[in-house]
Every structure is written in C-alpha cells, then in structure tokens.
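In: Pasting the sequence and the predicted coordinates here, then a few questions.
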Amino acid sequence: MLSDAEEKQLLEQIHTAPDIFRQLYRAYFPRVFAYVAYRVGSKQDTEDLVSEIFIKVLQHIDSFEYRQTGSFRAWLFRIAHNHVNQFYRQNGKTTFIPLDDIPTIADTSQSMDGQVISQERFQQLRQLIGTLSPRRQEIIRLRYFAMLRNQEIATLIGIHEKSVASHLSRAIADLQRLYEQAGELTHE
Amino acid sequence: MNKVPQDITHDLEHIQPIADETFQHDLEQNLMAQWYQQSSKTKRKRKKQGHMPLTFVASLLLVVLAGVIIMTLPLNSQVEYLAPQASPLPTPLPTLQPVPAFFPSDFSLILEPDMVAIALPINLETKDEIFKAGDVVDILATFNREQLDTSLEIVYFDVEDLLDTHQVDNLTVRIVVEHVKIMHVQTESSMITFQVSQQDAVVLTWLVESQIPITLSRIINSVQD
C-alpha cells in the first residue's frame, strides 16, 4: 500500500515514466477488484469490468490533477462506480451466481476455512449488503473493499462526511443484526 | 455453513475477493502497452501543434499591448500642440472571459477541498432581478434530455442516474443546484461566477457544453448594499 506522500509524488510525475502508472495500478488493483467483485459477484464479469475500468483510468489520466490526499482514490472509484452502474443498465442485475463463477476468496484472518466455505461467506455477505438501501450498500463497499476513508467517500458520493459516518454505523448495525439472525437460522 | 458468524466488521475486513495472478499480470501488460501507445500519440500531437497555449497567450498579450499603445500614443504625441481639452475616456480593454472547462481539473480556482469557483454564461434576459456578489441563488436548467450532447464522455458522474433522478416526465429533465453563492458578476457578458461543489461544477459545465440554457431563480439571501 502506498503512503499518501508516495502517492502524491507518483501522481505529480505520472506522465514521465510508465513505471509510475504501473505502481499505481499495482497499489490499487486489489481494491478495485474487491470492490467490483462485491458489486457484481461473478468472476468473469469482475475481470471484464476491472479491465475496462483501468483502461478508462489510463485514457483519462491526463485530465486528472492531484489536489489533496485521497483525490486520486476518489477519482478512481468514481470511475469504477459509474462503470459498474453502466454495466447494470446494459445487462440487468443477476441475482444467482454459481459457485464456480465466484472469484477466489482470501480469508485474511487466516482461519482454516476452505475455499468453498469462504466463497459461501462471500455470497452471504453480498446478499446481506444487498438488503441495505443503495446508498448504504455503496458506502459499505467503498469503506471495506475499496478501503476509502469517510472523507473520500463523502467527496465521491457528494454527501457530508458526518452523513457517511452515520450511514456507515447504521448499516453495520443492520448487517450485524441480519448476520446474527442468519447464523441462528443456520443452527436451528 | 459450519460457523456461526459473530462480528460482521471482522468478516467485511477479511473476506476479500482476489484476482488470479495471471489475470492481474496480463492486464498490467496490456495497460503498459496502451500507455506507450498513448504516450507516443500525445508526443506526436504536441510536436504537430507546437506550443499552442504559449502561442495563444503571446498573441493575446500582443493584442492587449497593441491596444494600450494605440490608446496612449495619440495622447502623448498630441499633448504639445492640441488645444487643452478634456481627455477622452480610455475605452475599457476587453475583459478576458473565463471559459467554463469540462473537467474539474481545469477549473481555475479551488476554494477549499470540495468547492470550486466556476464562471457560467447565464440567461438573465427573462429576469428583472439584479444579481450581486454575495447573493445566494438557485441555479436551474430545464431541458429535453435529447438536447444533451451525450458524445461528451463523463467519467465524474453517472449521466443516466443523474437524468433519472431529475426527470420530470418522459422527456423533460430539471436540474436545480440549490443555495449557491455568487462570487462575481459580469453583467456585460452575462457571466456569473459561482461557488459550487466539484460535483455540481461538473454537472453545470456539462450543461453549458451541451448548450443548455441556465437560469437563476429567486434570490434567497441578498447582501445589502
């Protein structure tokens, strides 16, 4: 992960060498991939969309100007957000994703869950997030998978930082309740 | 499911989809190839165009300088033999108009992290109000969605989402940006500079680029002279 100072330095020299774009790509690829995967669910669609998003970023990088910490992240994820919306408009939403079309899931807590169980938990998380209001869904995805700060999310979706914090805390409370209910049901 | 979920935040933080290494690597290679292609195209374009902005600025300065010389020369040279008379008022030099730019990175002035100053041509003909710096107004645009130039690619906001949100009926869209502060008014050119959020600035500039007329509504809070 790049520090804010490193990112600033890279963005100021973005046009000078290809290696700089490469570094940004490597730093942000995992986050963009996770964000898109949680939105669309399917591995194939995620790969297609992630490719198109980075191509768009490259094509428009000339119009980007570094202003403050986080402005690149907000810009990048605005492109990703809009691109996935466009995808849904053209293709409609798919509710069921077969397990063999789900991306590989890394459980970074190093629990001993197998890949299939991790994929099931990913499915479950996606479904639960999908029960929230569209705004809260997006705030959760931007916070946990794009790993944006509240202030960056506020800039991206055009609401106040305090509103982001409030939506986030309510969304987490709702998800926790649903999560516990789902756990109880599984064990009944 | 053989595990009771306990803490949602823990799972949100740790259940992360990851890409296949081959996919990530191949995409990186493709992007780099495109970077070189794009870079060489830009270089060729720059070479072809020369230093356009500098040439433009230099020409503009020359015109202004010529105007100043033309205005001042006759006064200086005739002062010795002309009968004393009131000096003609110098014709005001044409004011350079800030041109609304399409992308936020081109906006000339950043006021604070989320706010920018944007100069827009405003249709004031139908309004009797006089707008002043400091006034707080609503900016309105009502248009048929077919009027928009959809060829202008927008990456900063979701066009369809915006149009759907502001749709009045099947065709008409009405966009209102509320409680905007006026920073500067140029009545002769109907250009008014506003203080708006970056997102609103992009939307408004896009409307101007699509030649959608923008009007101002009621004054919410007028400053006292």
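Out: In hand now; what should we look at?

In: going forward, measure contacts and count neighbours with C-alpha atoms only.
Out: OK.

In: Once you drop chain neighbours, what's closest to A:Ile129?
Out: A:Gln137 (5.7 Å; CA to CA, 6 or more residues apart in numbering or on different chains).

In: Show me how far the lengthiest helix in chain A is from its chain's centre.
Out: Counting residues, the longest helix in chain A under DSSP state H turns out to be helix A:161-187. Its chain's average C-alpha position is 18 Å from that of helix A:161-187, according to CA atoms, centre = their mean, to the nearest Å.

In: Please point out which parts of that helix sit buried.
Out: A:161, A:164-165, A:167-168, A:171-172, A:174-176, A:178-180, A:183 (16 or more other CA atoms under 10 Å in any protein chain shown).

In: what residues are up against whichever residue of chain A sits closest to chain B?
Out: Nearest residue of chain A to chain B, counting by CA to the nearest CA: A:Ile105, 4.3 Å away. Going by CA atoms under 8 Å, 6 or more residues apart in numbering or on different chains, A:Ile105 touches A:115, A:118-119, A:122, B:15-18.

In: For my notes, confirm it occurs in a helix.
Out: No - counting by DSSP: H, G, I helix; E, B strand; the rest coil, A:Ile105 is located in no helix; its state is strand.

In: Figure out the helix or strand that the closest residue to it other than its chain neighbours lives in.
Out: Closest residue to A:Ile105 apart from its sequence neighbours, by CA to CA, 6+ apart: B:Pro17 at 4.3 Å. If you go by DSSP states H and E, B:Pro17 is part of strand B:15-18.

In: List the neighbouring strands of that strand plus their orientation.
Out: strand A:104-107 (antiparallel) (DSSP bridges).

In: export the partner strand as CSV, just CAs?
Out: Provided in CSV are the C-alpha atoms of strand A:104-107 (Å, rounded to 0.1, in the frame of the first residue of the first chain):
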residue,chain,number,x,y,z
THR,A,104,-11.1,-16.7,-5.3
ILE,A,105,-11.7,-15.5,-1.8
ALA,A,106,-8.8,-14.8,0.5
ASP,A,107,-9.7,-15.0,4.2
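
In: In stretch B:164-181, which residues are buried?
Out: Neighbour-count burial for stretch B:164-181 [16+ other CA under 10 Å]: B:167, B:173-177, B:179-181.

In: actually stretch A:63-70, not the one I typed
Out: Applying 16+ other CA under 10 Å to stretch A:63-70 flags A:64-66, A:70 as buried.

In: from the buried residues of helix A:161-187, which is closest to B:Val137?
Out: The shortest approach to B:Val137 among the buried residues of helix A:161-187 belongs to A:Glu161, at 24.2 Å (CA to CA).

In: Mind pulling up the pLDDT for that closest one?
Out: You'll see A:Glu161 listed with a pLDDT of 85.

In: ditto for the one 10 residues further on
Out: Here the pLDDT value assigned to A:Ala171 is 93.

In: can I assume A:Glu12 is in contact with A:Tyr66?
Out: Yes - using CA atoms under 8 Å, A:Glu12 is in contact with A:Tyr66, at 7.1 Å.

In: one step back: let me know how buried the residue nearest to A:Ile129 is, in neighbour terms.
Out: 20 (other CA atoms under 10 Å in any protein chain shown).

In: Give me the contacts around the helix or strand where it lies.
Out: According to DSSP H and E, A:Gln137 maps onto helix A:134-144. With contact meaning CA under 8 Å, 6+ apart, helix A:134-144 is reached by A:35, A:38-39, A:129-130, A:148-150, A:153, A:164, A:167-168, A:171, B:12-13.

In: Quick one: mean pLDDT over that helix.
Out: Here helix A:134-144 scores 93 as its mean pLDDT.

In: what separates that helix from the chain centre, distance-wise?
Out: Worked out by CA atoms, centre = their mean, helix A:134-144 lies 8 Å from the chain centre.

In: Nearest to chain A within chain B, name that residue for me.
Out: For chain B, CA to the nearest CA, closest residue to chain A: B:Pro17, 4.3 Å.

In: Quick check, central residue of chain A?
Out: For chain A, A:Tyr35 is the residue whose C-alpha lies nearest the centre (CA atoms, centre = their mean; 2.0 Å).

In: any idea how far the closest residue in space to it that isn't next to it in sequence is from A:Tyr38?
Out: Excluding the flanking residues, the one nearest A:Tyr35 by CA to CA, 6+ apart is A:Phe145, at 5.0 Å. Distance, A:Phe145 to A:Tyr38, using CA to CA, to the nearest Å: 8 Å.

In: Would you map the helices across chain A?
Out: Taking DSSP H as the criterion, chain A contains helices spanning A:4-12, A:18-40, A:43-60, A:71-91, A:115-129, A:134-144, A:150-157, A:161-187.

In: Out of the ones you listed, which gets nearest to B:Ile139?
Out: Of the helices of chain A, nearest to B:Ile139 by CA to CA is helix A:150-157, at 20.4 Å.

In: Which of the residues in that closest one are classified as buried?
Out: In helix A:150-157, counting by 16+ other CA under 10 Å, buried: A:150-157.

In: Next: stretch B:133-145.
Out: For stretch B:133-145, by 16+ other CA under 10 Å, it's B:133-143, B:145.

In: before we move on, what about stretch B:189-205?
Out: B:191-205.

In: Then stretch A:15-25?
Out: In stretch A:15-25, counting by 16+ other CA under 10 Å, buried: A:18, A:20-22, A:24-25.

In: anything in it near chain B?
Out: Yes - on the criterion CA under 8 Å from any CA of the partner chain, stretch A:15-25 is in touch with chain B at A:18, A:22, A:25.

In: Pull the contacting residues for the last one.
Out: If a contact means CA under 8 Å, 6+ apart, then A:Tyr25 has A:54, B:28 as its contacts.

In: Tell me where chain A is predicted with low confidence.
Out: By pLDDT under 70, the weakly predicted segments of chain A are A:94-95, A:108-113, A:184-188.

In: go again using 90 as the cut-off
Out: A:1-22, A:58-75, A:78-79, A:81-83, A:85-124, A:127, A:134-135, A:151-163, A:178-188 (pLDDT under 90).
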